[in-house]
Every structure is written in C-alpha cells, then in structure tokens.
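1. turn this into a model:
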Amino acid sequence: MEANQLTGGASTASLRVGVLVDSFIQPRWIEKILAEIAASQFAELVVVVRNATPEEPDPPFFRKLLRRRPTLLYSLYQKLDQKRFPVKPDAFELRDVSALIAGIPTLNVLPIRKGIGNHFSDEDLQRVSGYRPDVILRFGFGILRGAILRAPKFGVWSHHHGDGTTRRGGPPGFWEVMEDAPTTGSMLQRLNETLDNGLVLYKSFSRTADWSVIQNANSMYWKTSEFVMRTLKAVFENPDHIVEIENAREYEPYDRRLYRAPTNQEMAACGARLMGRYLRAKARNAVSLDQWVLAYKIDPKAQRPADTFSRFVQLLPPKDRFWADPFPIKVEGQHYLFFEELPYAD
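-> Numbering: from 1, shown residues only. As a prediction, this is how the structure comes out:
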C-alpha cells in the first residue's frame with residue numbers, strides 16, 4: 001500500500017520524493033540531503049524536475065557594476081567577510097550531483113511566469129503528478145505559485161533561512177549579525193500562495209555568530225540540512241504528522257519589514273556598528289576574561305533541583321581552557337564529574 005493511501009498508523013512503503021532544481025550543480029548542503037534520501041530506508045527519490053528556463057548571458061562588467069551600484073558596499077563586505085572568516089566545511093561549495101540522481105527520471109519544465117511567481121502548465125503538472133510524489137522539495141524554480149503546490153499529498157517543502165516570525169526576506173544570516181540578535185532561526189515550510197508564510201514543519205535556533213555573516217550562514221545552512229530527513233521520518237512513522245502540526249498552528253501575525261540586501265547607506269551604518277561592537281569586545285577582553293565555570297553542591301536530602309546557587313562550590317578552569325557540558329555520576333559512594341574541555345578562544 002502506498003504511503004499516500006494511508007490515513008493513520010505507520011507507513012509500510014517509502015515516501016515518494018520529487019525535487020525541483022535549476023541545475024545539477026548544487027551546494028554541499030543540498031548534496032547532503034540528496035545523498036541521505038538515496039541511502040534512506042523510508043524515502044526514495046522518484047523524479048527530478050529541472051528548470052528549463054534559458055540562462056541569461058553574463059552582462060558586461062560595467063553593466064553588472066551599474067546594476068549592483070545600490071548594494072556595492074554589501075558586495076564588498078561579502079568578499080572581505082569570506083576572506084577574513086573562511087568556513088570549513090563550506091555549505092555553499094558547489095558540487096555536481098549528477099551521480100546521486102543517476103537513473104532517476106528527469107523532467108525539463110519551463111515554468112510560466114506570472115508576476116513574481118512561477119506556475120506549472122497543466123501538461124507539466126500532469127507529467128510531474130504521474131510519478132505520484134508524496135513530497136516535493138524545492139531547491140530551485142524561484143517563487144512557486146499555483147496547482148503545483150497542491151500536487152503532492154504532503155505538499156511542496158522549502159527551507160527558509162531565518163525566523164519567519166521576526167525576519168522575512170534576506171540575505172540569510174545577515175541581519176541577525178548586524179542587529180546583534182542572540183539567535184538565528186531557520187525553518188522548513190510547506191509552501192502556500194503567501195510568500196514566507198507557509199506551514200512550519202520544522203524550526204530551530206542557533207547562536208548567532210559574533211562578527212561574521214558567512215560563519216553565521218554556514219552554520220545555519222548545515223543545520224537546516226537535517227530538517228528534511230527528520231520531517232520525512234516523522235511523516236513516514238505518522239502520516240497524520242503534518243495535519244497535527246496544522247491543527248496546532250497558532251496565529252502569529254508578521255508585523256516587521258521585509259528584509260532585503262542592504263543599500264550602501266545601510267551597509268555603511270551596519271559596518272560602523274559592527275566595528276564598534278568588535279572594538280568594545282576587544283577592549284573588554286583586554287581587562288577581563290569571559291569564561292564559563294562549573295559549580296556543584298552535594299545534598300543527599302534534596303528533593304528537587306536547587307533554586308539558588310549561593311552555596312555551590314565553584315570549579316574554575318585554567319585561563320587557557322574552556323569547560324562545558326558537565327555530567328555528574330555517583331559510583332560506590334564516590335562522586336565524579338565529567339565535562340568537556342576545549343582551548344579557550346575569545
């Protein structure tokens with residue numbers, strides 16, 4: 001019995017997955033997802049849909065420069081950031097995924113442009129639907145609109161690299177760093193007709209990088225590369241998983257601006273604030289040490305976790321070490337504390 005015929009209980013057949021791409025050259029974080037689907041026991045890739053829109057020729061240098069004139073400072077910042085803060089492994093390194101999808105039926109589809117959205121013709125919609133995908137993953141085709149969003153039983157899924165409740169638009173990971181946000185959100189959504197307002201299937205937060213957008217984005221993209229397989233597994237084990245998410249969805253209106261690449265004036269202001277934060281942090285680190293410590297208290301009579309730490313014994317790490325993630329155990333009446341130790345870096 002196919003997964004899309006089940007109404008409850010665990011599925012017995014692999015979920016049928018289709019992907020939308022603009023090219024067979026994809027960043028490493030997408031390559032990772034495709035490789036995991038290929039190795040999965042609960043999902044299988046059944047169709048690849050490639051965007052057949054002809055590539056525009058690369059414009060002459062001065063025309064390209066003129067086109068980018070309003071955001072030239074942002075382009076310059078990107079190059080400096082990548083040089084100053086190289087990332088490894090690089091989530092954006094381009095890879096050829098042809099070998100991963102070898103043998104998978106491939107359809108070339110020319111989308112119909114209507115306003116800012118791309119639609120599928122009735123003929124192309126039938127071609128894709130003929131492969132009976134339960135899920136379609138969007139890794140290309142821009143902003144999708146129309147019946148293709150409703151073709152798979154579980155919808156078209158797409159990543160949003162940002163917290164959709166606080167920052168919609170882009171660039172991914174940029175404004176969180178520039179606005180000194182403590183965390184950076186990321187989501188996997190089931191798309192609908194409203195931009196950046198799909199049903200959130202998976203959501204996560206990570207600590208925002210202090211100074212570098214490329215480091216912040218790299219960490220976020222690797223994190224989001226886990227979302228697809230986790231959600232596919234949840235749907236495979238419970239076909240009502242998405243319905244349950246939809247029923248539990250709360251009303252969260254978005255009341256902030258749509259973020260875009262910074263203008264030259266905005267980038268100059270962002271750069272000045274970032275440099276100011278950096279210099280203040282360096283000055284603070286010159287006279288103080290920002291370091292975690294461990295603390296413990298042995299109380300055999302305690303019935304619940306302590307709500308005050310004034311009488312705890314502190315364990316101070318050396319100045320060149322960083323301690324974290326303590327794990328206490330008791331063996332034959334003796335107490336032991338295991339923890340992670342790393343070299344300290346300010």
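2. doesn't A295 make contact with F309?
-> Yes. Between F309 and A295 there is a contact under Cβ atoms under 8 Å: 6.2 Å. In this view, the C-beta of every residue, glycine as well, is placed from N, C-alpha and C.
3. those two: which has the busier surroundings?
-> Comparing F309 with A295 by other Cβ atoms under 10 Å, the one with more neighbours is A295, at 12 against 9.
4. list the contacts of the closest residue to the more buried one other than its chain neighbours.
-> For A295, the nearest residue in space outside its immediate sequence neighbours is F312; the separation is 3.9 Å by Cβ to Cβ, 6 or more residues apart in numbering. Residues near F312 by Cβ atoms under 8 Å, 6 or more residues apart in numbering: 295-297, 306.
5. and if you look at F85?
-> 211-212, 214-215.
6. hmm, try it at 7 Å
-> By Cβ atoms under 7 Å, 6 or more residues apart in numbering, the contact set of F85 is 212, 214-215.
7. equivalent analysis for S158, please.
-> So S158 contacts 138, 189, 191 (Cβ under 7 Å, 6+ apart).
8. burial count for the last one?
-> Residues within reach of L191, counting by other Cβ under 10 Å, total 23.
9. check the second one too.
-> By the criterion of other Cβ under 10 Å, Q189 has 22 neighbours.
10. ok, now the first one?
-> Around R138 sit 21 other residues, with neighbours defined as other Cβ under 10 Å.
11. how far is whatever helix or strand it lives in from where the chain is centred?
-> For R138, the enclosing helix or strand under DSSP states H and E is strand 135-139. The chain centroid and the centroid of strand 135-139 are separated by 15 Å, computed with Cα atoms, centre = their mean, to the nearest Å.
12. pull up the pairing partners for that strand, direction included.
-> strand 15-21 (parallel), strand 156-160 (parallel) (DSSP bridges).
13. ok, and what's touching the first one?
-> Put plainly, it is strand 15-21. So strand 15-21 is contacted by 3, 37, 42-50, 128, 131-141, 232, 235-236 (Cβ under 7 Å, 6+ apart).
14. filter those residues down to the buried ones, PyMOL style.
-> Applying 16 or more other Cβ atoms under 10 Å to the contacts of strand 15-21, the buried members can be selected in PyMOL as follows:
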select buried, resi 3+37+42+43+45+46+47+48+49+50+128+131+132+133+134+135+136+137+138+139+140+141+232+235+236
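15. which ones among the contacts of strand 15-21 map onto strands?
-> 43-50, 135-139 (DSSP state E).
16. nearest to L258 among the contacts of S158?
-> Comparing those against L258 with Cβ to Cβ places Q189 closest, at 16.2 Å.
17. the residue lying closest to the closest one once chain neighbours are set aside: neighbour count?
-> Counting by Cβ to Cβ, 6+ apart, G198 is the residue found nearest to Q189 once chain neighbours are left out, at 3.4 Å. Neighbours of G198 under the rule other Cβ under 10 Å: 21.
18. in terms of pLDDT, where does G198 sit?
-> What the model reports for G198 is a pLDDT of 90.
19. which residues touch it?
-> Per Cβ under 7 Å, 6+ apart, neighbours of G198: 189-192.
20. alpha carbons only: can I get the helix or strand encompassing Q126 in PDB?
-> Assigned by DSSP H and E, Q126 belongs to helix 122-129. Provided in PDB are the C-alpha atoms of helix 122-129 (Å, rounded to 0.1, in the frame of the first residue of the first chain):
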ATOM      1  CA  ASP A 122      -1.400  21.800 -16.900                       C
ATOM      2  CA  GLU A 123       0.600  19.400 -19.100                       C
ATOM      3  CA  ASP A 124       3.800  19.800 -16.900                       C
ATOM      4  CA  LEU A 125       1.700  19.300 -13.800                       C
ATOM      5  CA  GLN A 126       0.300  16.100 -15.100                       C
ATOM      6  CA  ARG A 127       3.800  14.900 -16.000                       C
ATOM      7  CA  VAL A 128       5.100  15.500 -12.500                       C
ATOM      8  CA  SER A 129       2.000  14.100 -10.900                       C
END
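21. and that helix, average pLDDT?
-> On average, helix 122-129 scores 96.
22. chain center to that helix: distance?
-> Taking mean C-alpha positions (Cα atoms, centre = their mean), helix 122-129 and its chain are 29 Å apart.
23. now do that helix and strand 15-21, the angle between them.
-> 130 degrees (axes from the mean of the first three to the mean of the last three Cα atoms, to 10 degrees).
24. give me the contacts around helix 122-129.
-> 18, 47, 49, 107, 109, 147-148, 151.
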